[in-house]
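Predicted model follows, preceded by the sequence.
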Amino acid sequence: MNNFKDTGTSNNSVINYLNYYFFGDSITDYAVLITGSWGSGKTYFIKNKIFIDDKERVKPLYVTLNGVTSITEITDQFFSQLHPRLSSKSVRMLGIFASRILNGYAGTDVSKDVDDKSIVKDVFLNINNRIIIFDDLERCLIPIQSILGYINSFVEHDGCKVLIVASEDDIPEEQKRTYYLKKEKVIGKTISLIPAIDEVIDYFCDTLKSQVAKKAIAKNKNTIISIIYNSGSVNFRSIRAIFDDFDRTILTFDKYFKSSSRAVIKLLTSMLALGIEYRAGNISTDDVGNIPTNSLLYGLSYSIDHNSLNIIEKYSSIEWFDPVIPYVSLAKIFSTGTFNTNDIEVHLSQHPLLSSKKHNQFWRELWSWTDLTRTKYIIALNGLKDQLERFEIVEPEIIMHVVGILLSLEIENDKYATSEVDVVDYCKKYIDEIKLRNILLPNISFFSDNYSSKYELGFISSDNVKFTEVKNYLKVAVNYRFLYSIKKIYPDLLFSMSKKPEEYLRLYEYGINEGNYGGVAFLHLIPPGYFANMIINDWVCNGRLLSSLNERYSRDKHSKNLDIEYLWLKRLMKITYNIANNAKEPQKAQLIKKLRYYFSLIEKNISFSKSV
């Protein structure tokens, strides 16, 4: 038995032999096997290197054995390729007509007997001296001895040239002994194939839609091949899937990537390495999400034993830090194929390689200051210092990113940005000033328990007690600014609710950025008399509004974020009962009855202290 070992550089010898076997004049009484690991490109090689479109040659019959449970399923595949018209719904009646003719020969009603229907198809099949490819042998559900015997009949009796494509390593263990015994009688030559990687990459690249993605792959083919070899396994199905994810990502965010080839390459290499490892089962989505995003975090990660560090060391040539798309988002793409477009767009708009407003992104560059050259570091540091001196940074989240950066620099004995002042003292004075100037943005959602960073960046120095101290100080200032702004807008809110009862849901739904106030204390700023007159209007109780109030406190029952409103609520009840007691009968009794019902529900969700 002859064995061909092809490593990608000796493809010509394989091509020459298969051309001889398939198209030569000699008569052969054996099948040929091409074997290789799952996803190694065996099918690609056959279809693109041997059976290239040629009008002078009869196309081979291609049969996939994946999931096949009966010989009839194989016959169906033959029939559909030999007679595509007869297989279509439009001429299905021809089969019925032929069945009636064959009834006399078959001695049965083939139009009703499922098994005998194959007789109809066999009449139209002419497989003698054809080329047949049986793919995915290891996935066939027919016993290996039976399927090899069936395949052998085409070689011995029909004069066919047969090519079997299989991953021998994946043949079920319980059938391997039988397989190798039967193989000796059926298969005359075995070719172990690893096709040329660069050719397969070109083929995959041609199928992509994004010109930006195509250009990046074509220009960085050597880098891609290096990553594939570093992985220790060649699985072209995985690479194809990763290329498709990369292509779709570039197309979705084309407006960012078309201006930065470096960002595209950085995304391509990280997606390729992580995708290969994820699809091989070497890492989980959690491992992908835990990849350190800068040198500082990488150094700290050595105290934790996890796979993400191994990946960085395995693919040392890749720029891992400051990812173009957050690793958490890449993990989601790998696992579900979906991504949060809005979150990624915000992240891309902040990335130093992609942002069109670089003069406003000094903090973003310094977020990964350990990876900057000295020149870029000084430029970014000077830029941040100037912005702080002009009080231009006013968003709570960005302020805390800056705090984290300043604390990490302070540890390294660099207090230039804070003019040599202690970071905590400097930041508190900065917060006081932007609060006094009424320019601090009142984004209280940043401090909520369910807040998810819209920048998808981790905070440097977040485990530092000074970081927590400044954050708590900032929270008080932001709450003050929020309540200050609410005092100005609550009349509009009440007016809106009086005109549109569907607006009541804003009292209990969460999401301050969407205009909802669930879990946000602010009702105590509204005169309770105003609210009482919304509950009772012309001696009619507004049950829908009271239900919304009950839902508001029910959702906050355990977190107690609204306890500051309890005194206001007690006053509201007193005023509302006074209005009801001044009503005339029979409305008075009905009003009091309904108020008692709704207020009793509300009281179950809160606890008035003795002081209240």
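In hand now; what should we look at?

Every contact and neighbour count from this point should use C-alpha atoms.
Noted.

so what pLDDT did residue 345 get?
What the model reports for residue 345 is a pLDDT of 87.

Secondary structure element holding it?
Assigned by DSSP states H and E, residue 345 falls within helix 341-350.

any low-confidence regions in this protein?
Residue ranges of the chain with pLDDT under 70: 1-11, 37-41, 49-57, 85-125, 194-195, 299-306, 355-360, 449-450, 452-454, 607-612.

How is it divided into domains?
2-195, 199-356, 363-480, 500-506+517-604 (automatic domain parsing).

Tell me where the longest helix sits in this protein.
Ranked by number of residues, the top helix in the chain under DSSP state H is helix 465-499.

on contacts alone, who are the packing partners of whatever helix or strand comes next after that one?
Counting by DSSP H and E, the next helix or strand C-terminal to helix 465-499 is helix 528-535. Packing contacts for helix 528-535, counted by 3 or more C-alpha pairs under 8 Å, 6 or more residues apart in numbering; DSSP states H and E, involve helix 543-555, helix 566-581.

Contacts for the last one, please.
Applying C-alpha atoms under 8 Å, 6 or more residues apart in numbering, the set of residues contacting helix 566-581 from outside is 523-524, 528-529, 531-533, 535-536, 539, 588, 591-592, 595, 599, 606, 608, 612.

Could you check the strand or helix carrying residue 430 and say which residues are buried?
Per DSSP H and E, residue 430 falls inside helix 423-436. Within helix 423-436, the residues that count as buried by 16 or more other C-alpha atoms under 10 Å are 423, 424, 426, 427, 428, 430, 431, 434, 435.

Now distance to residue 172 too, for those, in CSV please.
Converted to CSV, the buried residues of helix 423-436 look like this (distance: C-alpha to C-alpha, whole Å):
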residue, distance to residue 172
423, 64
424, 65
426, 68
427, 65
428, 67
430, 68
431, 67
434, 70
435, 70
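
residue boundaries of the helices in the stretch 1-150 of the chain?
Remark: helices assigned in the stretch 1-150 of the chain by DSSP state H, counting those that start in this stretch are 11-23, 42-45, 71-82, 92-106, 117-124, 144-156.

For the closest residue to residue 64 other than its chain neighbours, the count of nearby residues, please.
Spatially, and ignoring its direct neighbours in sequence, residue 64 is nearest to residue 135 (4.8 Å; C-alpha to C-alpha, 6 or more residues apart in numbering). Look at residue 135: counted by other C-alpha atoms under 10 Å, it has 22 neighbours.

Now that residue 135 has come up, it's in contact with residue 67, right?
No: if you go by C-alpha atoms under 8 Å, residue 135 and residue 67 don't touch, sitting 11.3 Å apart.

now the longest helix of the chain, how far from the chain's geometric center?
34 Å (C-alpha atoms, centre = their mean, to the nearest Å).

now for the buried residues of helix 423-436, which pair is the farthest apart?
Pairwise distances across the buried residues of helix 423-436 peak at 18.1 Å for 423 and 435 (criterion: C-alpha to C-alpha).

Show me where the stretch 201-350 of the chain has its helices.
With DSSP H, counting those that start in this stretch, the ranges of helices along the stretch 201-350 of the chain come out as 211-219, 221-231, 236-252, 254-257, 261-279, 285-289, 295-300, 307-314, 327-336, 341-350.

would a markdown table of those helices with distance to residue 185 and mean neighbour count be doable?
Below are the helices of the stretch 201-350 of the chain laid out as a markdown table (distance: least, C-alpha to C-alpha, whole Å; neighbours: other C-alpha atoms under 10 Å):
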| stretch | distance to residue 185 | mean neighbour count |
| --- | --- | --- |
| helix 211-219 | 45 | 18 |
| helix 221-231 | 36 | 16 |
| helix 236-252 | 31 | 20 |
| helix 254-257 | 56 | 18 |
| helix 261-279 | 36 | 21 |
| helix 285-289 | 46 | 19 |
| helix 295-300 | 57 | 14 |
| helix 307-314 | 44 | 16 |
| helix 327-336 | 43 | 19 |
| helix 341-350 | 57 | 17 |
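
Let me have these in CSV, extended by distance to residue 399.
Output for the helices of the stretch 201-350 of the chain, formatted as CSV (distance: least, C-alpha to C-alpha, whole Å):
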stretch, distance to residue 399
helix 211-219, 35
helix 221-231, 39
helix 236-252, 30
helix 254-257, 25
helix 261-279, 26
helix 285-289, 24
helix 295-300, 20
helix 307-314, 29
helix 327-336, 23
helix 341-350, 15
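
Indicate which one of the ones you listed is closest to residue 373.
Closest of these to residue 373 is helix 295-300, at 13.1 Å (criterion: C-alpha to C-alpha).

quick one, what contacts residue 225?
197, 198.

Distance check, residue 181 against residue 175.
10 Å (C-alpha to C-alpha, to the nearest Å).

what's the answer for residue 502, then?
Distance, residue 502 to residue 175, using C-alpha to C-alpha: 67 Å.

And the helix or strand hosting residue 401, how far out from the chain middle?
Using DSSP H and E, residue 401 sits in helix 396-411. Relative to the chain's own centre, helix 396-411 is displaced by 29 Å; criterion: C-alpha atoms, centre = their mean.

Show me which positions of that helix end up buried.
396-397, 399-410.

could you dump it to PDB, C-alpha only?
Output of helix 396-411 as PDB, limited to C-alpha atoms (Å, rounded to 0.1, in the frame of the first residue of the first chain):
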ATOM      1  CA  PRO A 396     -18.700  61.200  35.600                       C
ATOM      2  CA  GLU A 397     -17.400  58.000  33.800                       C
ATOM      3  CA  ILE A 398     -14.600  59.800  32.100                       C
ATOM      4  CA  ILE A 399     -13.700  61.600  35.300                       C
ATOM      5  CA  MET A 400     -13.200  58.200  37.000                       C
ATOM      6  CA  HIS A 401     -11.100  57.000  34.100                       C
ATOM      7  CA  VAL A 402      -8.900  60.000  34.600                       C
ATOM      8  CA  VAL A 403      -8.800  59.300  38.300                       C
ATOM      9  CA  GLY A 404      -7.600  55.800  37.700                       C
ATOM     10  CA  ILE A 405      -4.900  57.000  35.300                       C
ATOM     11  CA  LEU A 406      -3.700  59.700  37.700                       C
ATOM     12  CA  LEU A 407      -3.500  57.200  40.600                       C
ATOM     13  CA  SER A 408      -1.500  54.700  38.500                       C
ATOM     14  CA  LEU A 409       0.900  57.500  37.500                       C
ATOM     15  CA  GLU A 410       1.100  58.600  41.200                       C
ATOM     16  CA  ILE A 411       2.300  55.100  42.100                       C
END
